[in-house]
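Asker: please work out how this folds:
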Amino acid sequence: MAGIKFEIIEQVAVLSESPKGWQKEVNLISWNDREPKYDIRDWSPDHEKMGKGVTLTAEEWQALKAFVKD
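Answerer: Here you go, the predicted model:
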């Protein structure tokens with residue numbers, strides 16, 4: 001994405017992979033040098049391109065994990 005700086009701090013999980021090699025991933029990402037957040041989205045194999053996704057704070061991530069466990 002043009003003009004958006006990101007750094008993948010931690011690769012948490014790969015949820016799925018498409019036939020073209022794109023992967024739906026959960027990562028901890030710092031967007032534009034800000035505090036890292038959990039992120040779920042599709043990534044190209046080289047992590048140069050990305051699809052739309054959802055970004056969650058640490059608190060939201062913990063709430064989602066607790067909900068999924070139940």
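Asker: how about the secondary structure of the residue lying closest to residue 7 once chain neighbours are set aside?
Answerer: Nearest residue to residue 7 in three dimensions, chain neighbours excluded: residue 30, at 4.7 Å (Cβ to Cβ, 6 or more residues apart in numbering). (C-beta placed from N, C-alpha, C; glycine too.) Here residue 30 is recorded as strand under DSSP: H, G, I helix; E, B strand; the rest coil.
Asker: same deal with residue 68?
Answerer: Residue 68 is classified as helix under three-state DSSP.
Asker: ok, residue 69 to residue 59 distance?
Answerer: Between residue 69 and residue 59 the distance is 16 Å, computed by Cβ to Cβ, to the nearest Å.
Asker: restrict stretch 33-52 to CA atoms and write it as CSV.
Answerer: The C-alpha trace of stretch 33-52 is given here as CSV (Å, rounded to 0.1, in the frame of the first residue of the first chain):
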residue,chain,number,x,y,z
ASP,A,33,5.9,3.5,13.5
ARG,A,34,3.1,3.3,16.0
GLU,A,35,2.5,0.8,18.8
PRO,A,36,2.2,-2.7,17.3
LYS,A,37,-1.3,-4.2,16.9
TYR,A,38,-2.6,-7.6,16.0
ASP,A,39,-3.7,-7.9,12.4
ILE,A,40,-5.6,-10.4,10.4
ARG,A,41,-5.4,-10.1,6.6
ASP,A,42,-4.3,-11.8,3.3
TRP,A,43,-0.6,-11.3,2.2
SER,A,44,1.2,-12.1,-1.0
PRO,A,45,4.0,-14.6,-0.7
ASP,A,46,6.7,-11.8,-0.6
HIS,A,47,4.7,-9.6,1.9
GLU,A,48,4.8,-6.8,-0.7
LYS,A,49,1.0,-6.8,-1.3
MET,A,50,-1.8,-7.1,1.2
GLY,A,51,-5.6,-7.4,1.2
LYS,A,52,-8.1,-5.7,3.4
